[in-house]
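>>> Give the three-dimensional model of this entry:
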Amino acid sequence: MSRTTSRWKSSVGTFDDDTVTCSANSRYSTRGEKLGYGRYGNAASSTYGGSLEKKLEEAEAELAKERQENQKLMKLLQDRDELIGKLKEEIDLLNRDLDEIEDENDQLKQENKTLLKVVGQLTR
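Numbering: from 1, shown residues only. Alright, predicted model coming up:
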């Protein structure tokens, strides 16, 4: 039975010399380096990367929906503002008409008073 004295040997198996390129203080996985992945591209991170990509796609889809909703709301707001403007113009026209009608009514009241006086003088 041979005894393993190196701290670099694994109880599961041993690594080739070209696989182990990190020092004992390295935080990088030798397995990740063997596969050719960088710090964020190791095998464990690729699982997270997939979920991150999925989250990114979901966020982009949500952003597209929000932008579409925003455009819809902006159009509704613009339509509402145009309607408010038209209604204000209509109110102004109606107020002018009302002023003219009130003036005409006052004039007719005056004419009516005058006619009543004349009729009253004629009937005496």
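>>> list the helices and strands the longest helix along the chain packs on?
Longest helix in the chain, counting residues (DSSP state H): helix 43-123. When contacts are defined as 3 or more CB pairs under 8 Å, 6 or more residues apart in numbering; DSSP states H and E, helix 43-123 sits against helix 30-35. C-beta coordinates here come from the backbone N, C-alpha and C atoms, glycine included.
>>> what's the average pLDDT for the helix it packs on?
Averaged over helix 30-35, pLDDT sits at 44.
>>> Repeat that for stretch 93-108.
On average, stretch 93-108 scores 98.
>>> Convert the C-alpha atoms of that stretch to PDB, please.
Output of stretch 93-108 as PDB, limited to C-alpha atoms (Å, rounded to 0.1, in the frame of the first residue of the first chain):
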ATOM      1  CA  LEU A  93     -68.000  79.100 -27.800                       C
ATOM      2  CA  LEU A  94     -70.900  78.200 -25.600                       C
ATOM      3  CA  ASN A  95     -70.000  80.900 -23.100                       C
ATOM      4  CA  ARG A  96     -69.900  83.500 -25.900                       C
ATOM      5  CA  ASP A  97     -73.300  82.200 -27.200                       C
ATOM      6  CA  LEU A  98     -74.700  82.400 -23.600                       C
ATOM      7  CA  ASP A  99     -73.400  86.000 -23.300                       C
ATOM      8  CA  GLU A 100     -75.000  87.000 -26.600                       C
ATOM      9  CA  ILE A 101     -78.300  85.300 -25.500                       C
ATOM     10  CA  GLU A 102     -78.300  87.000 -22.200                       C
ATOM     11  CA  ASP A 103     -77.700  90.400 -23.900                       C
ATOM     12  CA  GLU A 104     -80.500  89.700 -26.300                       C
ATOM     13  CA  ASN A 105     -82.700  88.600 -23.400                       C
ATOM     14  CA  ASP A 106     -82.000  91.900 -21.500                       C
ATOM     15  CA  GLN A 107     -82.800  93.800 -24.700                       C
ATOM     16  CA  LEU A 108     -86.100  92.000 -25.100                       C
END
